[in-house]
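Engineer: next one to model:
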Amino acid sequence: MRGFTPARHVVVTLLMVALALTVAACAPGTSTASTAPSARPSAAPVYFLSGTPASQKPAELIAVSGVTGRALWRHSTGGVADPSFVPLLVGGVIYALTAASLSSNSVLQAFRASDGALLWAQPTMGQAFKEPVVVGAMVYLSLRTTDFAHQGLLEALRASSGAVVWSAPLAVVVTAVTVAGGVVIVTGTGLLTAFNAQTGALAWDFSAALTLISPAALVTAPLIVGSSLIVKIGSVVTGGSPAYHLLALDVATGIERWIISMDGLFSLPIASGGLVYLTTTLDNPTGLTSSLFALDPHNGATVWRYSAPANVDLSAPLAVGGSIVLTQNVVTSLGDTVPTAGAVLAFNGATGRLLWRTPLGAAAEDGLFPWLISDGAVWVFVRYPASASMIVGEFAQLNLSDGALRWEKSLPAINLHAFVQDGAVYSDSYSGAPNGEVIAVRFSDGATLWTFVA
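Structural biologist: The predicted model follows:
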């Protein structure tokens, strides 16, 4: 878990900010198709925002054919796109965040997915901190403001028109917004609060109690498991050691159900098959120790635990079909990754039994990280040392059933926002194209199907 947060598995309703892979050059607004045998790419369009802050051009929202890689339509947003945000497709509407400049207040725009027509544009009262969250007829947005008394702001907008329904000023910036059980849960530094999703009325506030658990508590996005929300809490005590806890509350009332102390830094928890999984990493005088835990969500009790050998660092886990998959990297006393010593592991989610272990590494390797699991395959990203402007490495695909290596493909400059759909992977990346690129890769063998240059 050192220095890298494994990318989330982005579902097909998430769109992409334009990035780029180093591929054959083609003229702006066109696509280059691969000569490899045809695959079965999706007939559904791929949507993305073109333009980067360096391009000094207004971002365009572009729909690209999943079959041919050619533009179906494009619409200027009139603003700059922040590469840290991805547009969101919900119910035939695309929600995108732009701004006059990266230092200006954000504008949330809604476009009709079928033809790119602008439905509405709503200036906000601050700079967006996270992508919008769309649930039912409402859109929720976390903003950073210049008001020193209230540095954070949560806005709730009507999805049909963009009109602000309610807003809630907060002392700190909201780092995560989660909607469950009729409430909007917001988290941040020393913040764990819920509002009525429709009216904005305060439902409950656990923030004051956080100071009793951990000074200057850093609260992550909650994991919703049934009627419980589970959050990771961490803090650094001045002159002391870090403290880490896992806390479970009732979603509707905010009443504490259980809390456990964790040894060392730990990953964001995930839920699968009625259990909660996470990995921990602890540096101590004798070396690094790392473990994978399966916990009972009702009481936080350990159901099973896998303890890695000394100086083996475990990644955050991924879960699918009853299996828990993660990667391991061997590290030195200085914290450097040992070349060629990485591996991918799969466990039975219910029992903790090791199902398979596949060594995977390269001489220049800087770390192995699980990327996504789909269609019976595990994708692993192999990161190599690179300049500050890009990440370089390769992908490897393994069978989920037995860990057998299917293929490896070098990708010189990538970003890990991507999704799998109908036999193809649609990704984005950076390779120097000022307005960005999108690439389609065949799932079965990693062959490039087409590349679109904005």
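
Engineer: tally of neighbours for residue 244?
Structural biologist: By other C-beta atoms under 10 Å, the residues close to residue 244 number 20. For every residue, glycine as well, the C-beta is placed using N, CA and C.

Engineer: please identify the helix or strand for it.
Structural biologist: strand 242-250 (DSSP states H and E).

Engineer: now swap in residue 110 and tell me
Structural biologist: Applying DSSP H and E, one finds residue 110 within strand 106-112.

Engineer: re earlier: okay, the helix or strand just after the strand holding residue 244 in PDB with CA atoms only?
Structural biologist: Counting by DSSP H and E, the next helix or strand C-terminal to strand 242-250 is strand 256-262. Presented in PDB, the C-alpha positions along strand 256-262 are these (Å, rounded to 0.1, in the frame of the first residue of the first chain):
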ATOM      1  CA  GLU A 256     -22.300   3.800  17.000                       C
ATOM      2  CA  ARG A 257     -22.500   0.000  16.500                       C
ATOM      3  CA  TRP A 258     -18.900  -1.000  17.000                       C
ATOM      4  CA  ILE A 259     -15.300   0.300  16.700                       C
ATOM      5  CA  ILE A 260     -12.000  -1.500  16.500                       C
ATOM      6  CA  SER A 261      -8.400  -0.400  16.600                       C
ATOM      7  CA  MET A 262      -6.200  -1.400  13.700                       C
END
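
Engineer: tell me the buried residues in the strand holding residue 110?
Structural biologist: By neighbour count on 16 or more other C-beta atoms under 10 Å, the buried set for strand 106-112 is 106, 107, 108, 109, 110, 111.

Engineer: look up how far residue 115 lies from the second one.
Structural biologist: Going back to what we said before, that points to residue 107. 21 Å (C-beta to C-beta, to the nearest Å).

Engineer: which residue packs closest to residue 450, ignoring adjacent ones?
Structural biologist: In space, and not counting its chain neighbours, residue 450 is closest to residue 69: 3.1 Å by C-beta to C-beta, 6 or more residues apart in numbering.

Engineer: so the one you found makes contact with residue 453?
Structural biologist: No: judged on C-beta atoms under 8 Å, residue 69 makes no contact with residue 453 at a distance of 9.8 Å.

Engineer: average pLDDT for the strand holding residue 244?
Structural biologist: The average pLDDT within strand 242-250 is 91.

Engineer: excluding chain neighbours, give the residue nearest to residue 446 in space.
Structural biologist: Here the residue nearest residue 446, using C-beta to C-beta, 6+ apart, is residue 409, at 3.7 Å.

Engineer: cool, residue 258 as well?
Structural biologist: residue 300 (4.5 Å).

Engineer: likewise residue 201?
Structural biologist: Leaving aside its chain neighbours, residue 201 sits nearest to residue 195 (6.6 Å; criterion: C-beta to C-beta, 6+ apart).

Engineer: hey, what's that neighbour bridged with?
Structural biologist: Note on residue 195: beta-bridge partners residue 184, residue 202, judged by DSSP bridges.

Engineer: so it touches residue 154, yeah?
Structural biologist: Yes: applying C-beta under 8 Å, one finds residue 195 in contact with residue 154, separated by 7.2 Å.

Engineer: list residues touching both of these two?
Structural biologist: With contacts defined as C-beta atoms under 8 Å, 6 or more residues apart in numbering, the residues shared by residue 195 and residue 154 are 168, 184, 186.

Engineer: between these, which has the most around it?
Structural biologist: Neighbour max across these (other C-beta under 10 Å) = residue 186, 27 neighbours.

Engineer: next structured bit after the host helix or strand of residue 426?
Structural biologist: For residue 426, the element it lies in under DSSP H and E is strand 424-429. Where DSSP H and E defines the elements, the next helix or strand beyond strand 424-429 is strand 437-442.
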